[in-house]
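In: Provide a 3D model corresponding to the input given below.
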Amino acid sequence: MSLLDKIITEKLIILKEEKYKIRMFQTEFLLSIKSEYGVEESLQAIRAIDGVTIVTAVDSLFRKNSGTYISKVRIKFHPKKESMGPDKYIDEILLPSIRGASVPGVEVLRKSPNIERVS
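Out: Presented below is the predicted three-dimensional model:
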């Protein structure tokens, strides 16, 4: 095998490995969660959204006067379609799902402008 063939083979292996890597991103949200739905139950509902892999409560504070939790949440996700970027995924899938019937009692107060690629 010539040197050129060896280099081409090595590069093809790298490309093949890249093809199977999952594009994983993370961002944070500030959520208001009604106490009757509970923080953990609400995070479970968010985990069930298509493309979401990990949901972590970074911090939670109970507001007695309003009966809600204010929770800072980190969400890791991977858009299934290669053509869909993280911003589009958040705007078209994640936010409508959180605001919809699949995650009751949760209101998005703020979304972080920072989206980090984690893999």
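In: tell me where the longest strand sits in the chain.
Out: When the chain is parsed with DSSP state E, its longest strand is strand 52-63.
In: got a list of contacts for it?
Out: 24, 26, 28, 35, 39-40, 43, 46-47, 68-78, 94 (Cβ atoms under 8 Å, 6 or more residues apart in numbering). For the C-beta atoms, the positions are set from N, CA and C on the backbone; glycine is no exception.
In: counting contacts, what elements does the host helix or strand of residue 108 pack onto?
Out: Taking DSSP states H and E as the definition, residue 108 sits inside strand 106-111. Here strand 106-111 touches strand 25-34, helix 39-47, helix 95-99, going by 3 or more Cβ pairs under 8 Å, 6 or more residues apart in numbering; DSSP states H and E.
In: next, format those as JSON lines and append mean pLDDT and mean neighbour count.
Out: Listed next are those as JSON lines, based on pLDDT from 0 to 100; neighbours: other Cβ atoms under 10 Å:
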{"stretch": "strand 25-34", "mean pLDDT": "97", "mean neighbour count": "20"}
{"stretch": "helix 39-47", "mean pLDDT": "96", "mean neighbour count": "16"}
{"stretch": "helix 95-99", "mean pLDDT": "96", "mean neighbour count": "16"}
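In: out of these, which comes closest to residue 116?
Out: strand 25-34 (5.3 Å; Cβ to Cβ).
In: quick one: strands adjacent to that closest one?
Out: strand 68-77 (antiparallel), strand 106-111 (antiparallel), strand 116-117 (antiparallel) (DSSP bridges).
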